[in-house]
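Chemist: Attaching a predicted model along with its sequence, questions to come.
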Amino acid sequence: MGAGGTDGREVLFEYRAIGAVVRVAAIDVATGTEITVMGPASAAQSDLQRLALSKLKARLAALAAG
């Protein structure tokens with residue numbers, strides 16, 4: 001689990017290896033909004049984190065738009 005930030009928001013990341021894949025959860029601390037992505041275990045952690053963060057930003061924007 002790690003902590004990162006985007007636009008001044010605190011985001012937690014959880015990594016769980018499941019066989020040949022890694023499940024990455026990104027959680028916005030302020031709202032409790034959580035998304036998950038899966039990728040190959042051979043992928044760089046930074047790439048998976050960037051993908052999860054991008055998906056979380058999209059989810060937060062969709063929630064803000066109504």
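Modeler: Cool, got the structure. Just so it is clear, the model here is predicted, and its values are computed rather than measured.

Chemist: The lowest-mean-pLDDT helix or strand in the chain: what's the following helix or strand?
Modeler: When each helix and strand of the chain is scored by mean pLDDT, DSSP states H and E, strand 2-6 comes last, with a mean of 55. Proceeding N to C from strand 2-6, the next assigned helix or strand is strand 9-18, under DSSP states H and E.

Chemist: same for that next one, what does it pack against?
Modeler: Contacts defined by 3 or more C-beta pairs under 8 Å, 6 or more residues apart in numbering; DSSP states H and E place strand 9-18 against strand 2-6, strand 21-28, helix 45-65. C-beta here means a position set from N, CA and C on the backbone, and glycine is covered the same way.

Chemist: Could you rerun that using 6 Å?
Modeler: On a contact count with 3 or more C-beta pairs under 6 Å, 6 or more residues apart in numbering; DSSP states H and E, strand 9-18 meets strand 2-6, strand 21-28.

Chemist: can you give me the offset of it from its chain's centre?
Modeler: With C-alpha atoms, centre = their mean, to the nearest Å as the basis, strand 9-18 stands 6 Å off its chain's centre.
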